[in-house]
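S.K.: sequence and predicted model, in that order:
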Amino acid sequence: MPGGRLTQQERQQIALGLADGLAYAEIARRLDRPTSTVTREVMRNGGPTAYRADLAHRATERRARRRSQVLPRRQGAPVQGNGRDDEAVREYEETFTTLMMGQGLPKMMARVLTCLFIADAGSVTASELVQHLQVSPASVSKAIAFLEGQGLIRRERDERRRERYFVDDDVWYQSTVASAQGMAQVAETARKGVSVLGPGTPATARLENIARFSDFISESILRAAEQVREVLHTRPQASSRGNEPGPGHA
């Protein structure tokens, strides 16, 4: 499997594959590349409908030059250190950001949230985000306001009166609950349509099916989220029992 960065020829093949309506996995198979490589390449360069090989190649070269220029200034960034391979960390950060974008988050919000997820300190300041992401303070402020409004992060002031931003350990639980509540609202709104359109019509039957489906999904998600949260927040007892003397011991 070829390694390293995508070549301009490979980017042209990606563009041709997208134009032919091929799935990312099929394009990756033809290039002998991981599917994640193709997905990340397309999502960071305009998405499947706006991807252009020449623009993507020039953008990648610009990012590489900018990264080499700012690397000495990023040594204090929140995701560095601990003996890690900095390049591998950056690649993972980009992969996770692409995943978040695929889930519907705008790019800057996805970058900020990913930075928080992988920060060992568990929190970052606005200045650290500006330094690490190499973006303007206004961009960070906008992303923070959006993420806070979605309940994905929270802010506190530290001992130096600086605002620090956190993601709680159960942020995924909170996000899942919000998604389930959204599905419940879909069900409620669909049922209102039944009374408006009247019984016995094709539209009414369609809305009723939407309501039943949404109810089922919402209840299933909430039930699963509660079960998983209980498991994750329960400390295993095996370690305490492991010190007890076994049969035949005094």
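M.R.: Perfect, I can see it now. Not measured: the values here are computed from a predicted model.
S.K.: and the gap between the residue nearest the centre of the chain and Ser220?
M.R.: For the chain, the residue nearest the mean C-alpha position is Met100 (2.5 Å; C-alpha atoms, centre = their mean). Distance, Met100 to Ser220, using C-beta to C-beta, to the nearest Å: 24 Å. For the C-beta atoms, the positions are set from N, CA and C on the backbone; glycine is no exception.
S.K.: what are the ranges of the strands in this structure?
M.R.: Under the criterion DSSP state E, the chain carries strands at the ranges 123-125, 154-157, 163-166.
S.K.: which of these is buried the deepest?
M.R.: strand 123-125 (a mean of 20; mean count of other C-beta atoms under 10 Å).
S.K.: can you list the strands that that strand pairs with?
M.R.: Sheet pairing of strand 123-125 (DSSP bridges) gives strand 163-166 (antiparallel).
S.K.: off-centre distance for stretch 222-231?
M.R.: 21 Å (C-alpha atoms, centre = their mean, to the nearest Å).
S.K.: which stretch among the strands of the chain comes nearest Leu232?
M.R.: Closest of these to Leu232 is strand 163-166, at 18.2 Å (criterion: C-beta to C-beta).
S.K.: can you tell me what sits against that closest one?
M.R.: 116, 122-126, 129, 144, 153-158 (C-beta atoms under 8 Å, 6 or more residues apart in numbering).
S.K.: and if you look at stretch 135-151?
M.R.: Contacts for stretch 135-151 (C-beta under 8 Å, 6+ apart): 106, 108-109, 111-113, 126-127, 129-130, 133, 153-155, 165, 174-175, 178.
S.K.: show me those residues that map onto helices.
M.R.: 108-109, 111-113, 126-127, 129-130, 133, 174-175, 178 (DSSP state H).
S.K.: related to what we said a few turns ago, and the strands of the chain as a markdown table, adding mean pLDDT and distance to Val194?
M.R.: Formatted as a markdown table, these follow (pLDDT from 0 to 100; distance: least, C-beta to C-beta, whole Å):
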| stretch | mean pLDDT | distance to Val194 |
| --- | --- | --- |
| strand 123-125 | 89 | 47 |
| strand 154-157 | 86 | 39 |
| strand 163-166 | 89 | 43 |
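S.K.: format these as JSON lines; extra columns: distance to Thr39.
M.R.: Shown next, in JSON lines, are these (distance: least, C-beta to C-beta, whole Å):
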{"stretch": "strand 123-125", "distance to Thr39": "26"}
{"stretch": "strand 154-157", "distance to Thr39": "30"}
{"stretch": "strand 163-166", "distance to Thr39": "27"}
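S.K.: between these, which gets nearest to Val196?
M.R.: Nearest to Val196 among the strands of the chain is strand 154-157; the distance by C-beta to C-beta comes to 39.8 Å.
S.K.: what packs against the closest one?
M.R.: Secondary-structure packing of strand 154-157 (3 or more C-beta pairs under 8 Å, 6 or more residues apart in numbering; DSSP states H and E): helix 137-149, strand 163-166.
S.K.: for the longest one, buried residues please.
M.R.: If you call a residue buried by 16 or more other C-beta atoms under 10 Å, then helix 137-149 has these buried ones: 139-140, 142-144, 146-147.
S.K.: which of those residues sits closest to Arg58?
M.R.: Lowest distance from Arg58 to these (C-beta to C-beta) belongs to Ser139, with 21.8 Å.
S.K.: residue contacts, Asp54?
M.R.: So Asp54 contacts 8, 11 (C-beta under 8 Å, 6+ apart).
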